[in-house]
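Novice: Sequence first, predicted coordinates after that:
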Amino acid sequence: MKILVVGGGGREHAIIKTLRKSPRVTEIYAAPGNGGIAADAICTGIGAKDLDGITKFAKETGIDFAVVAPDDPLVLGAVDRLEEVGIPCFGPNKKAAILEGSKVFSKDLMKKYQIPTAEYRVFDDMNEALRYLETAPIPTVVKADGLALGKGVTVAETREQAMAAVRECMEDKIFGASGSHIVIEEFLTGPEVSVLSFTDGNVVIPMVSSMDHKRIGDGDTGPNTGGMGTIAPNPYYTEEMAQRCMEEIFLPTMRAMNQEGRTFKGCLYFGLMLTEKGPKVIEYNCRFGDPETQVVLPLLESDLLTVMEATARGTLAETEVKFRKQHACCIVLASQGYPKKYETGYPITIPADLDAQVFVAGAKLEDGVLKTSGGRVLGVTALGNTLEAAIENAYAQAAKVTFENAYCRRDIGAKALRAKEEVK
Ligand code: AMP
Ligand code: GLY
């Protein structure tokens, strides 16, 4: 089978490497792919948002199955376009992808169907939002309605910060049209858990849980990034919590989307906060998480293509989705200076005998040499029979992957190790 994977980051590399294990896969194309993905797929260079280019290529090449991984093409309707020309796809259509595409939509959905989430108010008038903030409880959280490259959320510790975030969205329009509506919501506290799930509108099959590390610095300090590392499973997410989330959040969300005439098929990502009052939804994503995918898929035992096809066809209930009873840790190596200014163009050395998988995010091939080209360059994922072993091995293997100006957090998984003690 000829497969097309839309996207070009570490998440897509993990999806591609996992799909390659399927005996039915003969060729994989990536749109656009990247210099590291080129080792595992044919990179087309077609931009992930170039829906015309993607559809034309898929039709001409005779693609049998497509996987649309990033949020932008999903929200733009890439799946609808590919299905229109007869290509089966993994991923939600445009109507369902709004679950991530609009925070106002997702908050209103949760309220309507009583799915636990932070209390909130929606504003489309800046002065009203500012007036509300004069007396609102602090800290508070300001969110741009639309996609904002993962940067549309401000957790404000002070009134001034919250007001500045509102002005940036609605006056300076730093997120463009995404910020013309905003959500201001209650600040919640508690451990965060990412749960990616397969859903076909009939059942929800959660994958192994995981924990992201969003801040640049050790001890969760400094600015937010696209994710500096992950571990799976997440020790805060006990069996009991999993059951509760299925009943209170996962199934109600699937049913709500069905009722709204927006059946969701694909990977539904639940960003959860385990508060004292129970689990609450912090965010929905309409896709695999990055870098969660880099720890979740290496633990998948079942054939990914079979599971993805069943998701698209609506036959997930009859399909086995099994995960290894092991642990995984992914260390992201970034360019020094990221998420602010950084330099690129440095050659990357990856030993052939690594006891880990390397998922490349920001690198390009220049005369056959792999060189850094982005802020987050790659992720190194190792497995272990315990969380300790997975973390130790991930750091040992990551140390063998070298490029000038490399930076990584030194404490990926440390919080999870402490949590293991807490939840015992
Ligand atoms: P997002 O960009 O939606 O992934 O949000 C980024 C981060 O902001 C989340 O991972 C949380 O740590 C934090 N966050 C979002 N909403 C809330 C909230 N209501 N209360 C506390 N923290 C939040
Ligand atoms: N790791 C968070 C996300 O993919 O949005």
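Specialist: That came through, no problem. Ligands and ions are numbered 1, 2, ... in the order given.

Novice: Quick one: classify the closest residue to K49 other than its chain neighbours as helix, strand or coil.
Specialist: Leaving out its chain neighbours, the residue that sits closest to K49 by C-beta to C-beta, 6 or more residues apart in numbering is D72, at 5.2 Å. Where you see a C-beta, it was placed from the backbone N, CA and C, and this is true even at glycine. The local conformation at D72, judged by DSSP: H, G, I helix; E, B strand; the rest coil, is helix.

Novice: what do you get for the one 3 residues further on?
Specialist: Classification of V75 by three-state DSSP places it in helix.

Novice: any idea what sits nearest it, other than its immediate chain neighbours?
Specialist: V75 sits nearest to G101 (C-beta to C-beta, 6+ apart), 3.9 Å away.

Novice: Count the neighbours of the one you found for me.
Specialist: When neighbours are defined as other C-beta atoms under 10 Å, G101 has 21 of them.

Novice: In contact with it, which residues?
Specialist: D71, L74, V75, G146, L147, C286 (C-beta atoms under 8 Å, 6 or more residues apart in numbering).

Novice: looking at it, the third one is touching L99, isn't it?
Specialist: No - the pair V75 and L99 fails to qualify as a contact (C-beta atoms under 8 Å) at a distance of 9.6 Å.

Novice: residues shared between the contacts of the two?
Specialist: What both V75 and L99 touch, as defined by C-beta under 8 Å, 6+ apart, is the set C286.

Novice: ok, these two, which is more surrounded?
Specialist: For the pair V75 and L99, the greater number of neighbours falls to L99 (26 against 21), based on other C-beta under 10 Å.

Novice: Report the spatially nearest residue to that one, omitting neighbours in sequence.
Specialist: Distance criterion C-beta to C-beta, 6+ apart; nearest residue to L99, sequence neighbours excluded, is Y284 at 4.8 Å.

Novice: Would you double-check that the one you found falls in a strand?
Specialist: Yes - when three-state DSSP is applied, Y284 is found to be in a strand.

Novice: Check the gap between it and E160 for me.
Specialist: 30 Å (C-beta to C-beta, to the nearest Å).

Novice: L417 now?
Specialist: According to C-beta to C-beta, L417 and E160 sit 37 Å apart.

Novice: and what of T221?
Specialist: Counting by C-beta to C-beta, the gap from T221 to E160 is 21 Å.

Novice: Look at Y284 and E160 and report which has more neighbours.
Specialist: Taking neighbours as other C-beta under 10 Å, Y284 and E160 compare with Y284 leading, 24 against 11.

Novice: Now do the more buried one against ligand 1, distance only.
Specialist: 9 Å (C-beta to the nearest ligand atom, to the nearest Å).

Novice: That residue pairs with what?
Specialist: Beta-bridge pairing of Y284 under DSSP bridges involves F270.

Novice: How confident was the prediction at it?
Specialist: We note a pLDDT of 97 for Y284 in this prediction.

Novice: what does R418 give?
Specialist: For R418, the model assigns a pLDDT of 93.
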